[in-house]
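Peer 1: The following block contains a protein sequence and its predicted model.
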Amino acid sequence: MNAPWFTASTLALAGLAGTGGDEKLPAAASGEESGSGLISLKLADEVTMKFFGRLFIDWGWFDGDEATYNNDTDGTTPSLEAGTEFRAARMGVEGTLYEKTGYKVEFDFANGVTEAKDVFVTVKDTAAGEVRIGHFKEPFSLEQLTSSRFISFVERSVADAFAPGRNSGFQVSDANGSQSMTWAAGLFKTTDDQAKGFGDSEMSATARVTGTGWYEGEGTDVLHLGAAVSYRKDDESRFRSRPEVKLGLNRPADTGAIAADDTMLLGLETAWVKGRFSAQAEYQMASVSAASGGTDGDFAGYYAFVSWFLTGEHRNYKKSTGAFDRVKPTENFGAGRGAVELLARYSSLDLDDGPSTGEMNDVTLGANWYLNPNSRVMLNLVHSEYEESGVDDELDALVVRFQVDW
């Protein structure tokens, strides 16, 4: 190439061990919650690019009430069938343009269609903090804002039904000097999986604040506290959830589409890391003001879990994002045994109010084997109970995930 910004003298390719190339992407500019930076390019003195991706391969076996949890794919007879799928198959690129501007483009190809994930630009160090514009997660819920590469279980809890997830909008975020407090606030337009949305309504305002009660020992002793709120001006509100397994299962807990004037979401979150032990919990609620002639509804959900590393590691809390990050084994598999984590979680989703009925309660036991910082094997045993208008059904599931990211 003859372009002056891309010459042999300005190219640096990092090796898979993370030691190749002397140039490093600035942490704040490279998107700390995204790729691991194993493959990075320096295109010019002030232009960088990093390639990243993830691959999740799930296998599952089920036993339970077929009509409620049906995962039959041909739509003929309700059944629960063992199966496998690519839960995620993502590729992306991110980097910086002349220090103050950043970008990220990430798509998922796992479901046979291309889904937009994080697709945005950032402007850094403005008077208000970092400004982000595009398609990304609204600032709501510790569990939701922790990357799926770093969450402790195969799937997020049933309470995640209230987390808005990704939409298109504008956000401003910042942290204090010691990063003991973070805040983020934004305006969003509800969009589909291709980041498209039209109409005069379907807007939301969402904000989150977090703080660390204490942070000691390089993250081995941490107390996290946080709260989030979202006011949503949508024509419809709907909250639904599978048990804590995907693999084609139904979403039996479902309010259905509620004609709404507006909806208010509230989330409270906490987490504690004490060496190899950690605990995490959230409570979330939604208050739906129905459109004229409808019935209002108040719904809620929560979860709590504990984690214990048999091999002595700890969950890695990142102060700058107010979320959890990558676990790094003391010894990688091959040189040693990797890291082993045992977990237990209880979660509940109550949609029994106003125009909706139904309640789901899950117990999940888990084990994670981290071969190295970028590879892990996950095993979850899920027991789910669903109640609705006299129906009392159950599901037992065994799910195994093979995961790599780069």
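Peer 2: Right, received. Where do you want to start? The structure presented is a predicted model; accordingly, all values stated were derived computationally and were not measured.
Peer 1: got a list of what residue 369 touches?
Peer 2: 338-341, 376-378 (CB atoms under 8 Å, 6 or more residues apart in numbering). (Glycine included, C-beta is placed from N, CA and C.)
Peer 1: Doesn't it lie inside a strand?
Peer 2: Yes: assessed with DSSP: H, G, I helix; E, B strand; the rest coil, residue 369 lies in a strand.
Peer 1: mind starting the numbering at 510 from now?
Peer 2: In the new numbering, first residue 510, that becomes residue 878.
Peer 1: Could you check how far it is from residue 912?
Peer 2: 10 Å (CB to CB, to the nearest Å).
Peer 1: what do those two both touch?
Peer 2: Listed as contacting both residue 878 and residue 912 by CB under 8 Å, 6+ apart are 885-887.
Peer 1: now those residues in a markdown table, with neighbour count?
Peer 2: Below are these laid out as a markdown table (neighbours: other CB atoms under 10 Å):
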| residue | neighbour count |
| --- | --- |
| 885 | 22 |
| 886 | 15 |
| 887 | 23 |
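Peer 1: Low-confidence stretches in the chain?
Peer 2: Confidence mapping of the chain against pLDDT under 70 gives the ranges 510-546, 582-585.
Peer 1: for the nearest residue to residue 799 once chain neighbours are set aside, what are its contacts?
Peer 2: In space, residue 799 comes closest to residue 805 once its chain neighbours are excluded; the distance is 5.1 Å by CB to CB, 6 or more residues apart in numbering. Going by CB under 8 Å, 6+ apart, residue 805 touches 796-799, 863.
Peer 1: Scan those residues and report the most crowded one.
Peer 2: residue 797 (30 neighbours; other CB atoms under 10 Å).
Peer 1: My guess is that one contacts residue 863. True?
Peer 2: Yes: using CB atoms under 8 Å, residue 797 is in contact with residue 863, at 7.2 Å.
Peer 1: Return every residue with contacts to both of the two.
Peer 2: Joint contacts of residue 797 and residue 863 (CB under 8 Å, 6+ apart) are 767, 805-807.
Peer 1: CSV for those, including secondary structure and distance to residue 718?
Peer 2: Converted to CSV, the shared contacts of residue 797 and residue 863 look like this (DSSP: H, G, I helix; E, B strand; the rest coil; distance: CB to CB, whole Å):
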residue, secondary structure, distance to residue 718
767, strand, 28
805, coil, 27
806, strand, 27
807, strand, 23
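Peer 1: Check those residues for burial and list the buried ones.
Peer 2: 767, 806 (16 or more other CB atoms under 10 Å).
Peer 1: Reformat the shared contacts of residue 797 and residue 863 as JSON lines; add distance to residue 748.
Peer 2: As requested, the shared contacts of residue 797 and residue 863 are exported to JSON lines (distance: CB to CB, whole Å):
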{"residue": "767", "distance to residue 748": "9"}
{"residue": "805", "distance to residue 748": "14"}
{"residue": "806", "distance to residue 748": "9"}
{"residue": "807", "distance to residue 748": "11"}
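Peer 1: hang on, the earlier thing: among the contacts of residue 878, find me the one that's closest to residue 564.
Peer 2: residue 885 (11.9 Å; CB to CB).
Peer 1: Now name the helix or strand holding residue 889.
Peer 2: strand 884-897 (DSSP states H and E).
Peer 1: Can you point out the buried residues in that strand?
Peer 2: Counting neighbours by 16+ other CB under 10 Å, strand 884-897 gives 884-885, 887, 889, 891-897 as buried.
Peer 1: next helix or strand past that strand?
Peer 2: Defined by DSSP H and E, the subsequent element after strand 884-897 is strand 900-914.
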